[in-house]
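J.: Sequence first, then the predicted structure:
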Amino acid sequence: MYELKVRAVGSSSGVLLPREMLAELGLKQGDSVFATKAPDGSFRITPFDERFARQMAIAEEVATEYRDVLRALAKR
């Protein structure tokens, strides 16, 4: 487990990832990551995956287009 501190970065805030964590994730400076929210409210950080990003974009389009249908199905 890693304890990360939120720090000022210009007029924003950021979290610095320790070298060991970068190595475990297979990341280097300049790489992108996903931060996905779990049902329990926590977040998961994973390396950016272009294929997954495309899949999520399609899922968001479908959810938007069929919002009413999905809402009705959720009530069942």
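T.: Alright, I've got the coordinates. Numbering: from 1, shown residues only.
J.: Need the contact partners of the longest helix along the chain.
T.: Longest helix in the chain, counting residues (DSSP state H): helix 50-65. For helix 50-65, the surrounding residues in contact (CB atoms under 8 Å, 6 or more residues apart in numbering) are Phe34, Leu70. For the C-beta atoms, the positions are set from N, CA and C on the backbone; glycine is no exception.
J.: buried ones in that helix?
T.: By neighbour count on 16 or more other CB atoms under 10 Å, the buried set for helix 50-65 is empty.
J.: and that helix, how far out from the chain's middle?
T.: 14 Å (CA atoms, centre = their mean, to the nearest Å).
J.: tell me, how many neighbours does Pro39 end up with?
T.: By other CB atoms under 10 Å, 5 other residues sit near Pro39.
J.: So for it, what's the pLDDT?
T.: Reading off the confidence values, Pro39 has pLDDT 93.
J.: quick one: it is in a helix?
T.: No. Membership of Pro39 in a helix is not supported by DSSP: H, G, I helix; E, B strand; the rest coil, which gives coil.
J.: now the end-to-end length of stretch 29-37.
T.: Stretch 29-37 has an end-to-end distance of 23 Å (CA to CA, to the nearest Å).
J.: Could you check how far that stretch is from the centre of its chain?
T.: If you compare the mean C-alpha spot of stretch 29-37 with that of the full chain, they lie 7 Å apart, counting by CA atoms, centre = their mean.
J.: what's the helix or strand for Val69?
T.: For Val69, the enclosing helix or strand under DSSP states H and E is helix 67-75.
J.: and if you look at Glu20?
T.: With the criterion set as DSSP H and E, the secondary-structure element containing Glu20 is helix 19-25.
J.: What helices and strands are in contact with that helix?
T.: Helices and strands in packing contact with helix 19-25 are listed as strand 43-47; criterion 3 or more CB pairs under 8 Å, 6 or more residues apart in numbering; DSSP states H and E.
J.: can you give me the angle the strand it packs on makes with helix 50-65?
T.: Relative orientation of strand 43-47 and helix 50-65, computed by axes from the mean of the first three to the mean of the last three CA atoms, to 10 degrees: 130 degrees.
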